[in-house]
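>>> can't give you the sequence, but here's the structure:
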């Protein structure tokens, strides 16, 4: 018997009990971890994320911020009224992705020519 | 002036010099790292990858194996003639993704309920 699934439930359908598969269902794409990188580097706002050199499209930015919030990786708070503007911050579990980002950065630096350590001041990359 | 790009060149267009962005352009999806996981766990063949619990679709499997080979992360060799069958193995740089997988697995085990350490004997997950 199938269980009922709330249409607003952001939890991905579980592919397996593997922690790698479940993590990739949340942040396994080309953009989510770049936003985590930016937040670890001190970026807070929609406008700041748009300034990153990769040029994230606005529709993808909006989607990924919403997903990351639903998964409990970031939180959103109002920092300006009229017009309302939001600031984004990593939760404790979001900050724990620093280890993942460091491993990915180290692999890239070792194996992909032309990559460099830091692209913004205070970036996590070493 | 734009430089000419060989149609067979698998190198992604560079979004930035960030090592995270460049790595995600190669393995930033829901399946590539699961294949690396399977190879680290000793799986070698197309049929073995299909047996993994996540149920990778055959067209995605074929695409990801081809991409991983083009990026120098895996190699392919013939292990049977008539019909020809291939065995896949991680290169040195592919094996270095073990650190990335371990960080992702640790994050999942810590933050996603219901995930478990090992799904196949000899899996990298701790």
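Happy to help now that I have it. Nothing here was measured: the structure is a model prediction, and the numbers come from that model.

>>> please count neighbours and contacts with C-alpha atoms only from this point.
Noted.

>>> surely residue A:115 meets residue A:108?
Yes. Using C-alpha atoms under 8 Å, residue A:115 is in contact with residue A:108, at 7.0 Å.

>>> now the common contact residues for these two.
B:19, B:22 (C-alpha atoms under 8 Å, 6 or more residues apart in numbering or on different chains).

>>> higher neighbour count, those two?
Neighbour count, other C-alpha atoms under 10 Å in any protein chain shown: between residue A:115 and residue A:108, residue A:108 has more, with 26 against 21.

>>> can you count the residues close to the residue nearest to that one when sequence neighbours are not counted?
In space, and not counting its chain neighbours, residue A:108 is closest to residue B:19: 4.6 Å by C-alpha to C-alpha, 6 or more residues apart in numbering or on different chains. Residue B:19 has 28 neighbours, counted by other C-alpha under 10 Å.

>>> report the residue spans of chain A with pLDDT below the cut-off.
Residue ranges of chain A with pLDDT under 70: A:1-10, A:119-126.

>>> quick one: the strands in it?
Taking DSSP state E as the test, the strands found in chain A are A:74-80, A:85-90.

>>> so which of these is the most packed in?
Of all the strands of chain A, strand A:85-90 has the most neighbours on average by mean count of other C-alpha atoms under 10 Å in any protein chain shown, namely a mean of 17.

>>> for it, packing partners?
On a contact count with 3 or more C-alpha pairs under 8 Å, 6 or more residues apart in numbering or on different chains; DSSP states H and E, strand A:85-90 meets helix A:32-40, strand A:74-80.

>>> now the ones you listed in a markdown table, with distance to chain B?
Listed next are the helices and strands packed on strand A:85-90 as a markdown table, based on distance: least, C-alpha to the nearest C-alpha, whole Å:
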| stretch | distance to chain B |
| --- | --- |
| helix A:32-40 | 7 |
| strand A:74-80 | 13 |
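
>>> so can I have JSON lines of these showing distance to residue B:100?
Converted to JSON lines, the helices and strands packed on strand A:85-90 look like this (distance: least, C-alpha to C-alpha, whole Å):
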{"stretch": "helix A:32-40", "distance to residue B:100": "13"}
{"stretch": "strand A:74-80", "distance to residue B:100": "21"}
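
>>> between those, which one is nearest to residue B:71?
Among these, the nearest to residue B:71 by C-alpha to C-alpha is helix A:32-40 (20.5 Å).

>>> quick check: buried residues in the closest one?
For helix A:32-40, burial by neighbour count (16 or more other C-alpha atoms under 10 Å in any protein chain shown) applies to A:32, A:33, A:34, A:35, A:36, A:37, A:38, A:39, A:40.
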